[in-house]
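1. Everything below, folded, please.
(one chain, ligands or ions: 2)
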Amino acid sequence: MPAEALIIVDLQNDFCPGGSLAVPQGDAIIPTVNAWIARMQNAGQPIVLTRDAHPANHISFQARGGPWPPHCVPGTPGFAFHPNLHIPADAAIFDKGFHPDRDAYSGFEGVLVDASGQHSSIGLAQWLRQHDVTTIYVAGLATDYCVRATVLDALREGFATYVIQQGIRGVDITPGDSARALTEMQEKGARML
Ligand code: VGL
Ligand code: ZN
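-> Ligands and ions are numbered 1, 2, ... in the order given. Below is the predicted model:
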């Protein structure tokens, strides 16, 4: 039955105000995202959440010469989804970035977390196809990093891809990064809502 899925990228505490890598107004998207969760749930369509899941010695951390402060380390409060997010019990969760020596911004580099919390070998594209999903709606953080990478991979994988503009926020370390990411996503075939 499913033909569409909602994909919520990295809506974790460390990317929200108070977190170690806070996206400005990252939590402001939560009402929009919750409304989409309700809408997709009512339609019987699957809801997917991705998580950044880095080991403490991850290559993207400044201690190893990477660009970022430590963030989204499992076992820390910053790893958890934002508490105001209405996560359905049957949501599918994909972890990415858990290999110490490899970064992974795209949800399509993630693997499904199974019922016992372990990493399976099922990737996001595979899972979506198994569930007959051909169209995805994307929200989450951050526009210029993991949302961008996830959307570009989705397009490469052939999914019809919609970006929920009120449901994303960017880091904008260089001013204009998020605007450029939106233009790039659109040029490559994403549609803006
Ligand atoms: C992200 C920076 C580092 C993201 C993840 O989720 O956009 N950004 N790790
Ligand atoms: Zn990260």
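2. in the chain, which segments are predicted with low confidence?
-> Along the chain, the model assigns pLDDT under 70 to residues 1.
3. Counting by contacts, list what the biggest helix by length in it packs against.
-> Looking across the chain with DSSP state H, the single longest helix is helix 30-42. Helix 30-42 sits against strand 4-9, strand 47-52, strand 135-141, strand 160-169, with contacts defined as 3 or more C-beta pairs under 8 Å, 6 or more residues apart in numbering; DSSP states H and E. Yep, even glycine has a C-beta here, placed from its N, CA and C like the rest.
4. So for Gln186, which of those sits nearest?
-> Among the helices and strands packed on helix 30-42, the nearest to Gln186 by C-beta to C-beta is strand 160-169 (8.2 Å).
5. Pull out the buried residues from the longest helix of the chain.
-> Neighbour counts over helix 30-42 (16 or more other C-beta atoms under 10 Å) mark Ile30, Val33, Asn34, Trp36, Ile37, Met40, Gln41 as buried.
6. Thr150 in helix, strand or coil?
-> helix (DSSP: H, G, I helix; E, B strand; the rest coil).
7. which ones are touching the residue nearest to it when sequence neighbours are not counted?
-> Once flanking residues are discounted, Thr150 sits nearest to Gly107: 4.3 Å by C-beta to C-beta, 6 or more residues apart in numbering. Contacts for Gly107 (C-beta atoms under 8 Å, 6 or more residues apart in numbering) come out as Ile7, Val9, Val48, Thr50, Phe94, Lys96, Leu124, Cys146, Ala149, Thr150, Asp153.
8. Distance check, Gly107 against Trp36.
-> 16 Å (C-beta to C-beta, to the nearest Å).
9. now Asp177
-> With distances taken as C-beta to C-beta, Asp177 is found 24 Å from Trp36.
10. for Gly18, same thing?
-> Gly18 is 24 Å from Trp36, by C-beta to C-beta.
11. Which parts of the chain are strands?
-> For the chain, strands defined by DSSP state E occupy the ranges 4-9, 47-52, 92-96, 111-113, 119-123, 135-141, 160-169, 191-192.
12. May I see those arranged in a markdown table, with distance to Phe81 and mean neighbour count as well?
-> Converted to a markdown table, those look like this (distance: least, C-beta to C-beta, whole Å; neighbours: other C-beta atoms under 10 Å):
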| stretch | distance to Phe81 | mean neighbour count |
| --- | --- | --- |
| strand 4-9 | 9 | 26 |
| strand 47-52 | 7 | 26 |
| strand 92-96 | 9 | 23 |
| strand 111-113 | 12 | 19 |
| strand 119-123 | 17 | 14 |
| strand 135-141 | 11 | 25 |
| strand 160-169 | 15 | 20 |
| strand 191-192 | 25 | 11 |
